[in-house]
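Student: from the sequence below, what's the structure:
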Amino acid sequence: MNPRLHGLYAITPEVSHHPAPLVEQVAEAIRGGARLIQYRDKGAGDKERRRQAEALLTLCRASGVPLIINDDLELAAELEADGVHLGRHDPDPRDARERLGDAAIIGVSCYDQLALAEAAQSAGADYVAFGSFFPSPTKPQAARPEPTLLTLARERLELPLVAIGGITSQNGGLLISAGARMLAVVTGVFAQPDISAAARVYTNLFPQETV
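Tutor: As a prediction, the model looks like this:
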């Protein structure tokens, strides 16, 4: 498994509850131990999304942290970002691989469906994500799998597993024990007054020898 795909996976908020600019917020998350950053904003226009993604890519490159673009293969390719995260209606992982190259990190949302994860693995994905495991303000209508899905997926798949959805410092350890190698978090990091401290709480949930 890719050693970079382990730990806190911080996903940028579409609506910020924090006074600092987005780049500063992400810098704080990285200082708190975030191992992977995903740029996700479905509401901004193309020019604004490109501007933000470019700024984040500069930060992430300087910090040695991969930047993944959510749901936009074209933007990921144009910026030569570190990878792309694909949802239900996005291109096939094979197409993303052809466009982004062998070194790209390609993730796939699999919701509560192990069959989707198995198909993603066969198509060359680098990780698969399940959730929402708990109620989430980001996706209130999302599928709600049980943590046991992670355990089953760990037995059936060779890919790193991402858990997402309403993850807190209180329930994150349960998902790690069940098989998650990454915890994807939005509100629990970026809606907090001290982003770095909030990120560190999640980072500390992972066994120190493997973070």
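
Student: please, where are all the strands along this structure?
Tutor: Remark: strands assigned in the chain by DSSP state E are 7-11, 36-39, 67-70, 83-86, 105-111, 127-131, 161-164, 182-185.

Student: would CSV of those strands with mean neighbour count and mean pLDDT be doable?
Tutor: All C-beta atoms are positioned from the backbone trio N, CA, C, and that covers glycine. Output for those, formatted as CSV (neighbours: other Cβ atoms under 10 Å; pLDDT from 0 to 100):
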stretch, mean neighbour count, mean pLDDT
strand 7-11, 27, 98
strand 36-39, 26, 98
strand 67-70, 24, 98
strand 83-86, 26, 98
strand 105-111, 25, 98
strand 127-131, 27, 98
strand 161-164, 26, 98
strand 182-185, 26, 98
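
Student: what residues are up against Ala125?
Tutor: Counting by Cβ atoms under 8 Å, 6 or more residues apart in numbering, Ala125 touches Leu86, Pro93, Ile106, Gly107, Val108, Leu159.

Student: repeat that for 7 Å
Tutor: By Cβ atoms under 7 Å, 6 or more residues apart in numbering, the contact set of Ala125 is Pro93, Ile106, Gly107, Val108, Leu159.

Student: burial count for Ala198?
Tutor: 23 (other Cβ atoms under 10 Å).

Student: mind listing residues that contact the longest helix anywhere in the chain?
Tutor: In the chain, with assignment by DSSP state H, the single longest helix is helix 46-63. When contacts are defined by Cβ under 7 Å, 6+ apart, helix 46-63 is touched by residues 22-23, 26-27, 30, 37, 39, 41, 66-67, 69, 75, 79, 81.

Student: before we move on, what about stretch 184-199?
Tutor: Residues from elsewhere that reach stretch 184-199, judged by Cβ under 7 Å, 6+ apart: 8-13, 16-18, 25, 28-29, 31-34, 129, 137-138, 162-164, 167-168, 202.

Student: now the helices for the protein?
Tutor: 22-31, 46-63, 73-79, 93-100, 114-122, 148-156, 172-178, 187-190, 195-203.

Student: for the third one, what does the pLDDT average out to?
Tutor: For helix 73-79, mean pLDDT is 97.

Student: which positions within that helix qualify as buried?
Tutor: Using 16 or more other Cβ atoms under 10 Å as the test for burial, helix 73-79 gives Leu73, Leu75, Ala76, Ala77, Leu79.
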